[in-house]
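J.: The sequence and its predicted three-dimensional model are supplied below.
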Amino acid sequence: MSQPDLAIEYRAEMPSAEEFERLFRSSGWSEASDVTADRLAASLPHAWFAICARRGGGEIAGTGLVLSDGVLHALIVNVIVLPELRGRGIGTQIVERLVARCREADVLQVQLFSARGKREFYERLGFAARPDDGPGMELPNVEG
């Protein structure tokens, strides 16, 4: 793992609903203004594993979640660091800890759902874009 930011503590824990909402709304993702607080909160119990990065005093600085069956597949999602703290290695530490937990459980495939424009960041952490003829597809957002 890379050198941690000494002012940040990394905990294997779920963020509170309020903390997650704050991070999600700070992300700049197009969905950030459309998803209700109740729906954001309802997503948290479905995570298999989570990391919270906390500043002194316990204030949330970032988080990342893994959705998994614990054996075959794991999907890293919602890696978010507060905008004012980006570029300090916090996101790297979060991802490294999420991947380490997946490896510890001997999960067969670790996949990633990331924001657009973050490809180079995740490639530096060992992830590779899927080839055009590779497995995996996406169902476009469908109004239901």
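T.: Alright, I've got the coordinates.

J.: Buried residues of the longest helix that the chain contains, list them for me.
T.: The longest helix of the chain (DSSP state H) is helix 90-104. Going by neighbour count (16 or more other C-beta atoms under 10 Å), the buried part of helix 90-104 is 90-99, 101-102. Any C-beta I mention is one placed from the backbone N, CA and C, and that applies to glycine too.

J.: same thing with stretch 64-78?
T.: Here stretch 64-78 shows 64-68, 74-78 as buried, counting by 16+ other C-beta under 10 Å.

J.: that older thread, how about residues contacting the following helix or strand past the longest helix of the chain?
T.: Where DSSP states H and E defines the elements, the next helix or strand beyond helix 90-104 is strand 109-112. With C-beta atoms under 8 Å, 6 or more residues apart in numbering as the test, strand 109-112 has contacts from 72-76, 99, 102-103, 122, 127, 136.

J.: Could you export strand 109-112 as PDB, CA atoms only?
T.: Extracted in PDB, the C-alpha atoms of strand 109-112 (Å, rounded to 0.1, in the frame of the first residue of the first chain):
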ATOM      1  CA  GLN A 109     -13.100 -11.200  -9.900                       C
ATOM      2  CA  VAL A 110     -12.800  -7.600  -8.600                       C
ATOM      3  CA  GLN A 111     -14.500  -5.000 -10.800                       C
ATOM      4  CA  LEU A 112     -14.900  -1.300 -10.600                       C
END
